[in-house]
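Trainee: build me a structure from this.
(one chain, ligands or ions: 1)
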Amino acid sequence: MFKYYNSIIETIGNTPLVKLNKVTRNVKGTILAKLEYFNPGNSMKDRMAVRMIEDAERSGELKPGGTIIEGTSGNTGMGLALMAIAKGYKCIFTLADKQSREKIDILRAMGAEVIVCPTNVAAEDPKSYYSVAKKLNKEIPNSFYVNQYDNLSNTLAHYESTGPEIWEGTDGKITHFVAGVGTGGSMSGIGKFLKEKNQNITTIGIDSYGSVFKKYKETGIFDEKEIYPYLTEGIGEDILPKNVDFDVIDHFIKVTDKDAAIMARRLAREEGLFIGWSCGSAVHGALEYARNHMNDNDLMVILMPDHGTRYLNKIYNDNWMKDHGYLEEREFATARDILRRQGIHQQLVTIPVDMRIDKAILVMNQEGISQVPVTDGDHIVGTITDSRILKNLIENPEFKNERVKEIMDDPLPFVAMDSTVDVLSSLIDKKITAVLVRDENNNAHIITQHDILMAMTS
Ligand SMILES: Cc1ncc(COP(=O)(O)O)c(C=O)c1O
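Mentor: Model prediction:
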């Protein structure tokens, strides 16, 4: 079938639902992730960018040749940049300096002008990214300030696209919906749609420590004492955006920056989902809720807003994680632990350099081993492997009468007894298939790739 899209904008939406299989161990029911990084701008914000721009064109607020201005945590900027390219507008974005470097670079790569503003100032401070965006809007003729926080086209986009996709994708069987809340557009739009379809669906908003939402929902109080700087990008606020519809959100759960980062990394490694930081918040909070409230027949959908590439220099960087105290040093087993498990008194099998090859094959067979250090007197001078013997015998069957020294490889490297398995495995490759280690009595032992694997998995 001849099928193509008229522009990149037409590829927005219809993102997949993927079941979580590993991080959900010991949780009842089924949990699906709605992967919004499949959108062309790699985030769910593409959806609302289209709606906000097209609504502004319809209302006459945005005219041909105009300039789009927005304060954005990066993802909205990407969606707006795609729209600007498709429709011939200019873009200026203001960002808080806590946002990832990657997001800033991406926006510039898409032709936008980016102004970086301080994070740790109040929203009404003239230096904040909200205030700078508003000021630019006043100064630049024919400019349109998108204001994703209070622009209700944001909620409408999710009410009209993401909500129906989730309802149809689950065949109306969804019982719980979870999403991080920033501007509120996604949770409010999707939550409203789902509750109109089935008012028994439970909606859980994910908030950050340092944000006002949870307390406001539970007490009706906007408590400034709740506000303090935090690192997770995209969720939580120090304002009450018009797009947050508190009536549509049943519960809020707060998640720490650290728990979110650790869960995001688990999702990458255990589920193959290379997702953004706030996805970690959403899944961490969702599992906390699910463990206490879900039953076998329940079906939860978690909205995953964006992609992991935007956080490569943060949560996906081990040094950054360590610097923030988020990465528990892993206790790796050492060569000593592996030998203890094998029985350290096991004698190392060796073969002298001038042994005939057919005899060496017999020894390897008897011992059930595929690589053996070769000795000359007391010294280890080489290694013989069954794959090398086989290769030579296939070329010339008479080779079996030759001496081991004719086909031995270099000796295996020696490592210290306290080398950890991550170091051992970094030494192992196609040529070096095992390492040697000497114990306190100067006896040599061999550690194979298989031994390392066993140590890492048991
Ligand atoms: C990465 C990320 N996660 C979550 C959110 C929150 O979504 P919403 O603004 O629809 O509440 C945003 C919004 O900025 C975001 O960029």
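Trainee: is the ligand contacted by stretch 220-234?
Mentor: Yes. Using CB under 6 Å from any ligand atom, stretch 220-234 reaches the ligand at 233, 234. Where C-beta positions appear, they are placed from N, C-alpha and C, glycine not excepted.
Trainee: who touches that stretch?
Mentor: By CB atoms under 8 Å, 6 or more residues apart in numbering, the surrounding residues in contact with stretch 220-234 are 73-75, 98-100, 103, 119-120, 180, 182, 208-212, 215-216, 236, 238, 240, 255, 257, 260, 276-278, 281, 305-306, 311, 314, 324.
Trainee: just stretch 58-73 next, same as before
Mentor: Looking at what lies outside stretch 58-73 - CB under 8 Å, 6+ apart - the contacts are 53, 56, 76-77, 80, 83-84, 88-96, 99, 103, 129-130, 132-133, 136-137, 140, 142-148, 182, 233-234.
Trainee: now intersect those residues with the helices, please.
Mentor: Among the contacts of stretch 58-73, DSSP state H puts 53, 56, 76-77, 80, 83-84, 103, 129-130, 132-133, 136-137 in helices.
Trainee: for those residues, pick the one with the most neighbours.
Mentor: Within the ones in helices among the contacts of stretch 58-73, residue 77 tops the neighbour count with 33 neighbours, counted by other CB atoms under 10 Å.
Trainee: hmm, it is touching residue 107, no?
Mentor: Yes. Residue 77 is within contact range of residue 107, at 4.7 Å (criterion: CB atoms under 8 Å).
Trainee: report the set of residues contacting both of those two.
Mentor: Joint contacts of residue 77 and residue 107 (CB under 8 Å, 6+ apart) are 91, 93, 95, 114.
Trainee: in the chain, which residue sits nearest the ligand?
Mentor: residue 234 (2.4 Å; CB to the nearest ligand atom).
Trainee: reformat the shared contacts of residue 77 and residue 107 as a markdown table; add neighbour count, pLDDT and distance to the ligand.
Mentor: Below are the shared contacts of residue 77 and residue 107 laid out as a markdown table (neighbours: other CB atoms under 10 Å; pLDDT from 0 to 100; distance: CB to the nearest ligand atom, whole Å):
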| residue | neighbour count | pLDDT | distance to the ligand |
| --- | --- | --- | --- |
| 91 | 23 | 96 | 17 |
| 93 | 30 | 96 | 13 |
| 95 | 24 | 90 | 11 |
| 114 | 20 | 95 | 15 |
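Trainee: of all those residues, which two lie farthest apart?
Mentor: Spatially, the most separated pair among the shared contacts of residue 77 and residue 107 is 91 and 95, at 12.2 Å (CB to CB).
Trainee: residues shared between the contacts of those two?
Mentor: 77, 107.
Trainee: for this structure, identify the residue most remote from the centre.
Mentor: Most distant from the centre of the chain: residue 401, at 56.3 Å, with distances by CA atoms, centre = their mean.
Trainee: show me where pLDDT drops low in the stretch 201-350 of the chain?
Mentor: Along the stretch 201-350 of the chain, the parts satisfying pLDDT under 70 run over 328-331, 344-345.
Trainee: around the ligand, pick out the residues from it.
Mentor: 233, 234, 235, 276, 278, 305, 306.
Trainee: let's see it at 8 Å
Mentor: For the stretch 201-350 of the chain, the residues in contact with the ligand (CB under 8 Å from any ligand atom) are 233-235, 241, 243-244, 276-279, 282, 305-306, 310.
Trainee: the stretch 351-458 of the chain now?
Mentor: Counting by CB under 8 Å from any ligand atom, the stretch 351-458 of the chain has no residue next to the ligand.
Trainee: in the stretch 351-458 of the chain, which spans are helices?
Mentor: Applying DSSP state H, counting those that start in this stretch to the stretch 351-458 of the chain gives helices spanning 357-367, 386-395, 421-427, 449-457.
Trainee: just put those helices in JSON lines and tack on mean neighbour count and mean pLDDT.
Mentor: Below are the helices of the stretch 351-458 of the chain laid out as JSON lines (neighbours: other CB atoms under 10 Å; pLDDT from 0 to 100):
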{"stretch": "helix 357-367", "mean neighbour count": "15", "mean pLDDT": "92"}
{"stretch": "helix 386-395", "mean neighbour count": "13", "mean pLDDT": "89"}
{"stretch": "helix 421-427", "mean neighbour count": "16", "mean pLDDT": "79"}
{"stretch": "helix 449-457", "mean neighbour count": "15", "mean pLDDT": "82"}
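Trainee: let me have the ones you listed in a markdown table, extended by distance to residue 202.
Mentor: Below are the helices of the stretch 351-458 of the chain laid out as a markdown table (distance: least, CB to CB, whole Å):
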| stretch | distance to residue 202 |
| --- | --- |
| helix 357-367 | 62 |
| helix 386-395 | 58 |
| helix 421-427 | 43 |
| helix 449-457 | 38 |
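Trainee: so what's the gap between stretch 445-458 and the chain middle?
Mentor: Chain-centre distance of stretch 445-458: 29 Å, with CA atoms, centre = their mean, to the nearest Å.
Trainee: now do the strands in the stretch 101-250 of the chain.
Mentor: All strands of the stretch 101-250 of the chain, identified by DSSP state E, counting those that start in this stretch, fall at 113-117, 143-145, 176-180, 202-208.
Trainee: other SSEs contacting the shortest one?
Mentor: In this structure, strand 143-145 packs against strand 67-71, helix 129-139, with contacts taken as 3 or more CB pairs under 8 Å, 6 or more residues apart in numbering; DSSP states H and E.
Trainee: could I get these as a markdown table with mean pLDDT and distance to the ligand?
Mentor: Shown next, in a markdown table, are these (pLDDT from 0 to 100; distance: least, CB to the nearest ligand atom, whole Å):
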| stretch | mean pLDDT | distance to the ligand |
| --- | --- | --- |
| strand 67-71 | 96 | 10 |
| helix 129-139 | 94 | 12 |
